[in-house]
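>>> sequence first, predicted model second:
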Amino acid sequence: LMMGTRCGSVDPSLVGFAVESLDKSVDQVMDDFNKRSGLKGMVDEDKNDGTLMGGKYDMRTLLQAQHDHPHAKLAVEMFVYRLAQHIASMMIALRGGTLDALVFTAGIGEHSAEIRQRTIDALRPIFPHLELDPERNRTDGAQSNGILTKDYDNDYFRGPVVLDIPTDEEAMIAQECLRLMEQAEQKKQEQ
């Protein structure tokens, strides 16, 4: 998935093509893919508008600028399209099974009601009856235990529940590092 500075998935032959056509080393191209692509790459070189909003390219800034800056609008549209495309492609792994929940998390997923709504709208061909509760979505599910979907009064619709679940990636990484260190120490003591 396209991120703030990373391009997301690309055809692997693009590396060789970029090395040859841009006269860069593989390391330079990989650096471009990881530090100057994604949302930043969509708006950083905006020739018509100068440096878009002082070089800021986080989703909050792009959403505010999308009505005045065509590159910001395109970056948001591409992000939503790719996110919906990734979600839809993961449906294949269910092999006809039912999706119980769709979870939005991390920075954009946790904090952008507009991106969540636009993503659900893009998924409408797969989930035609799925609707977010506007107030729950606006408040990131704060008063509904993270549940963003509407309450349904009948059994007609049994689609996935949409959730907003906070994440703490740094804490999880720290916990895993601690676990690995303890495991290594235990193995060392057993020898």
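Alright, I've got the coordinates. Computed from a predicted model, the values in this text were never measured in an experiment.

>>> can you count the residues close to the residue lying closest to residue 100 once chain neighbours are set aside?
Among residues not flanking residue 100 along the chain, residue 160 sits closest, at 5.9 Å (CB to CB, 6 or more residues apart in numbering). Any C-beta I mention is one placed from the backbone N, CA and C, and that applies to glycine too. A total of 15 residues lie near residue 160 under the criterion other CB atoms under 10 Å.

>>> I figured residue 160 hits residue 130, correct?
Yes - if you go by CB atoms under 8 Å, residue 160 and residue 130 touch, sitting 7.0 Å apart.

>>> hey, what's in contact with both of these two?
residue 149 (CB atoms under 8 Å, 6 or more residues apart in numbering).

>>> what's the residue nearest to residue 100 in contact with, if anything?
98, 99, 100, 101, 102, 127, 130, 149.

>>> let's go with 10 Å and repeat that
Counting by CB atoms under 10 Å, 6 or more residues apart in numbering, residue 160 touches 98, 99, 100, 101, 102, 103, 123, 127, 130, 149.

>>> closest to residue 64 among these?
residue 123 (24.5 Å; CB to CB).

>>> list phi and psi for that closest one.
phi -90, psi 0 (degrees, to the nearest 10).

>>> contacting residues for it?
83, 84, 85, 87, 88, 91, 102, 130, 160, 162.

>>> tell me which helix or strand the fourth one sits in.
For residue 87, the element it lies in under DSSP states H and E is helix 70-91.

>>> what's the following helix or strand after that helix?
Following helix 70-91 toward the C-terminus (DSSP H and E): strand 101-104.

>>> what mean pLDDT does that following strand get?
Regarding strand 101-104, the rounded mean pLDDT is 92.

>>> then the helix or strand just after that strand to PDB, C-alphas only?
The helix or strand immediately downstream of strand 101-104 is helix 106-111, counting by DSSP H and E. C-alpha atoms of helix 106-111 as PDB (Å, rounded to 0.1, in the frame of the first residue of the first chain):
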ATOM      1  CA  ALA A 106      -2.600   3.000  12.300                       C
ATOM      2  CA  GLY A 107      -2.400   6.800  11.600                       C
ATOM      3  CA  ILE A 108      -4.700   7.200   8.700                       C
ATOM      4  CA  GLY A 109      -7.000   4.400   9.500                       C
ATOM      5  CA  GLU A 110      -7.500   5.400  13.100                       C
ATOM      6  CA  HIS A 111      -7.900   9.100  12.500                       C
END
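
>>> give the buried residues for helix 106-111.
108, 109, 110 (16 or more other CB atoms under 10 Å).

>>> from residue 189, how far out is the first one?
Read it as residue 108. If you measure residue 108 against residue 189 using CB to CB, to the nearest Å, the figure is 44 Å.

>>> ditto for residue 57
Residue 57 is 49 Å from residue 189, by CB to CB.

>>> likewise for residue 166?
Distance from residue 166 to residue 189, by CB to CB: 37 Å.

>>> give me the low-pLDDT residue ranges for the protein?
When residues are selected by pLDDT under 70, those of the chain lie in 44-56, 152-158.
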